[in-house]
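>>> Please work out how this folds:
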Amino acid sequence: MKNRDLRALLLLTSAAIGLSVIGMPAHAQTSDVADPVATVAQDDEVLAENELVVTGSRIDRAGYDAPTPTTVLSGDALLIGNRPSIAQVLNDLPQFRASTTPVTNFSGTASGSSPADLRGLGTTRTLTLLNGRRFTGAGDLNTVPQGLISRVEVVTGGASAAWGSGAVGGVVNILLNEKLTGLTIGAQNGISSRGDAFRYGVDASFGTKFADGAGHFMVGVQYFDDQGVLDRDSRPNLGSTTLYTNPTGAAHAFVIARDVNYSNASVGGLITTGVLAGQTFERNGTLRPFVFGNPRGTAVMVGGEGTSLRDETALAAPYERLNGYARASFEVGDAKLWVDGSYSRMWAEYPFYAESNRDNITVSRDNPFLPVAVRDRLIAAGQTSFRMGRVFEDYGYRTFGYERETIDAAIGIDGSFAGGKWRYSAYYGHGQLSDDRGYLNQKLTANFNRAIDVVAAPGGGAPICRVALTDPTTACRPLNIFGEGNADPAAVAYAFSSAAHVRNTTKLDTASVSLRGDPFSLWAGPVSIAIGAEARWESISSSGLDALSAAQAFSTFNFSGLEGGFNVKEGFGEIAVPLLDQDFSRLEFSAAGRYSQYSNTGDVNSWKLGLTNRIFDSLLLRVSRSRDIRSGSLSELYNTRSTTQSNIADPVTKTTYQIVTFGGGNSSLNPEIGNTTTIGGSWSPSFIPGLSLSVDYFDIKIKGAIATLSGQDIVTRCANGNAALCGQIVRSGGVITTVFATFVNLAEYQTHGIDFEASYNLPLANLSASLPGSLRFRGLATYVPSLTTDDGVSKIEYVGDVGEAVPFGTPRWRGTASVTYQDDVLSADARLRYVGGGLWNHLLDIENNVIKARTYLDLGARVRIDKLTLSFNVNNVFDVDPPLTTTGQIHYDQIGRYFSTSATIKF
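Residues are numbered from 1 along each chain as shown. Predicted coordinates:
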């Protein structure tokens, strides 16, 4: 931990204490509570008396039933699996998809981050709130200290009318324990059964009242170090697994195979043409036959002594993070003034993969680095040059490094008047994220080409760059590429550079004011309203861009600067009208609307209609229809170029090969419009105390959906007739070299399905008075029969496609089932996680296309000894293997059996 991190935490703590007295900027609080019947597994200890939280609505009347289904995670539900971040806790729920995690995004520019992704609609369609307000760290839930979280409420339906842009898929509201008292210190660690993926962390939280209970202060800090997994070959079905073309005449066009390696390059240098073809250079510069595997086309083979990109990339990205949060509040009459602030820093530097030139280096026989014996054989054959491929592992791997620093602060007031009949809230918040990125040890295209073009100095002298013949002052140094470890470090330093760098700064300013109350009553009860106004300013800018990237000097990864921003001003209103209030039925209608004025795309509105009926207090029926909106995010509008390398199946040439895919923003994006329908109900039968059941149907249709397609998806849609997407593909000699996968507005995105949830809490004393403790059973499942995208030319169904290269691939079924025993001393749990199977990609004719379903067993136990709590967890107890995976799987566990322990002590 660096000194500046300690200084930042001390500053944060002291600032929060000071601000609690003098009232300067900090954080928003809403008084929203989820419906106790529609939600499962709420812990009474964290729902304080009179505390109202309805994340799916702005109405805060006691007893109000929101029409949108909500799931609550609190208490033991947050502890199961001992996950290292809140995002990974959510990813265990069947409604979420782990589209971006340190495992699934092991080598991208968002490496290590963990946002939330409801319904697999994309992380930008899940609005994440902290205590009911937007915050800067929403794009990476690693930034939230877990020790301060009391519960997480998940609204699994559109909520743009209540919360604004981004809530198309739903809302995740992280609620902190604002009544925290005492000091808690904790530590945790974990390791896989293979001895890697080691992680450890420490955390502390403190809360206290002051001024005779009128004031409250809380602070939490957390440090975490996850060392990741750099060796993909340590897991079955990963490593150099690749999709490649089957030989002509095979029953299927493609196959996914293990141990697929380059057949046109080696670490020492593989000659691919002429009399010496098939020979590789040894360390001493001599030649020997290269050991080929089973060839698959001209570029890859199965087996052999070669290497591949997937041998080199990480399985799970390592990272370190440091988080801090502080909040102070003070009650004055019927008002509570509050201020909060948070600081987060996340950083890592790890090897990416080695640079390579595969079958595209031309070597003259006059190159003085060539051994005499090799040159003589070329002369004897009348051959003046040859082509070769080289993997430059001996020059060091390309390395990716980043540092993300987030600072967020807010100040606000919550209060009431007219005897509590009217409640108001207001806040202003400011935050910024500084994302500092660098790529080290990259090949400089022009320098490299000059350095390998080597001749002898005039008069038969030492090797020099050919350019030195005309420019004696050149900095070029001749590079010996024949044999591993023979290069002059000065030549490597000339041909490679670690200068690639950029710093992107994202800023978010938010302001909100709202009023809630019951202006009058009708025959069935009080009519409740909520009105308010909000404003938001978002911007992103770059600094520190290196001159080489600006000149596109690197062979693959060149950063670029970006500058952009927008603001939005909004007004919203919501009303709840009781229509019937009888013992057998309490029927209520609700409506919400929001008008949004964006500086970049103009005016847009969202609305929601809902109807609930509580029957005999045990059955709640609900239905809602909403129009939800989402404007393009800063990254979608203005993001710098991102670069990935992957294999694609080319339907034109009927072959597979590696391409470069460039992603990036598109400032011409239009807002997308979502229409969501939910129908469902919750039942808590009085004759079975402790039982709660819920079923909810959802249907989401998004017009003009903002999306970035994978390279494979663009190639496939182009082949299906989408001329616009064909314009994003670059071919050379009939072969694809580059695909530009920038953000676009698709014609339509649609999905529907059913969520199931059940819980049963059984005090064992009900069975026998001598039995202590209780058992809690909980099950959640999601069934998705369809998820389609339509670009105006082709409509593609993604449900059942569960290969990692499918952008919207979704299992038909996902579910979890858990049982927890708890008494005053011991808590033990067992959980099953089920992920349905399907096809790797139904659009490709793959020989081994089928992926079987997986079921994982997790076990955990916690022992409380006075103020000390010890816990032990095992995830994926039976070490279930992942399916054949070429990059990073978002549906299935890739790490395998994992052990973790933790200890917490309270004072």
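
>>> going forward, measure contacts and count neighbours with C-alpha atoms only.
Noted.

>>> What segments of the stretch 601-750 of the chain are strands?
602-615, 619-630, 642-650, 655-664, 672-683, 691-703, 706-707, 729-732, 735-742, 744-745, 748-763 (DSSP state E, counting those that start in this stretch).

>>> Which of these sits closest to Met218?
Closest approach to Met218 among the strands of the stretch 601-750 of the chain is made by strand 748-763 (32.0 Å; CA to CA).

>>> Now Val799: closest residue in space that isn't a chain neighbour?
Thr810 (4.8 Å; CA to CA, 6 or more residues apart in numbering).

>>> Could you tell me the per-residue confidence at that neighbour?
For Thr810, the model assigns a pLDDT of 91.

>>> quick one: it and Gly803 touch, right?
No. Here Thr810 does not reach Gly803: they are 9.2 Å apart, not a contact under CA atoms under 8 Å.

>>> For the closest residue in space to Asp196 that isn't next to it in sequence, which residues are in contact?
Excluding the flanking residues, the one nearest Asp196 by CA to CA, 6+ apart is Val229, at 6.3 Å. Residues near Val229 by CA atoms under 8 Å, 6 or more residues apart in numbering: Asp196, Ala197, Ala314, Leu315, Ala316, Ala317, Pro318.

>>> Beta-bridge partners for Val229, please?
On the basis of DSSP bridges, Val229 is bridged to Ala316.

>>> Model confidence for it, exactly?
The model reports Val229 with a pLDDT of 91.

>>> for Asn82, same thing?
86.

>>> Please apply the same query to Ser528.
We have a pLDDT of 95 for Ser528.

>>> For Thr708, give me its contacts.
Going by CA under 8 Å, 6+ apart, Thr708 touches Gly663, Ala741, Thr742, Phe743, Val744.

>>> From those, which shows the smallest pLDDT?
Least confident by pLDDT among the contacts of Thr708: that is Gly663, with 78.

>>> For this structure, which residue occupies the most central location?
Thr100 (2.3 Å; CA atoms, centre = their mean).

>>> ok, for that one, nearest residue in space, not its chain neighbours?
Closest to Thr100 by CA to CA, 6+ apart is Ser114, at 5.7 Å.

>>> helix, strand or coil for Ser344?
strand (DSSP: H, G, I helix; E, B strand; the rest coil).

>>> Next, the contact list for the closest residue to Arg831 other than its chain neighbours, please.
Of all residues not flanking Arg831 in the chain, Ser818 sits nearest, at 4.1 Å (CA to CA, 6+ apart). Neighbouring residues of Ser818 by CA under 8 Å, 6+ apart: Phe777, Arg778, Gly779, Asp829, Ala830, Arg831, Leu832.

>>> With Tyr350 instead?
Contacts of Tyr350 (CA under 8 Å, 6+ apart): Ala317, Pro318, Thr399, Phe400, Gly401.

>>> How about Ile890?
Per CA under 8 Å, 6+ apart, neighbours of Ile890: Arg97, Ala98, Ser99, Thr100, Thr104, Glu804.

>>> Over to Phe777?
Ala758, Ser759, Tyr760, Asn761, Ala817, Ser818, Val819, Thr820.

>>> So, low pLDDT: which residues of the stretch 401-550 of the chain?
Within the stretch 401-550 of the chain, no range satisfies pLDDT under 70.

>>> Would you map the helices across it?
445-452, 489-495, 547-550 (DSSP state H, counting those that start in this stretch).

>>> Adding mean neighbour count, write those helices out as CSV.
As requested, these are exported to CSV (neighbours: other CA atoms under 10 Å):
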stretch, mean neighbour count
helix 445-452, 19
helix 489-495, 18
helix 547-550, 16
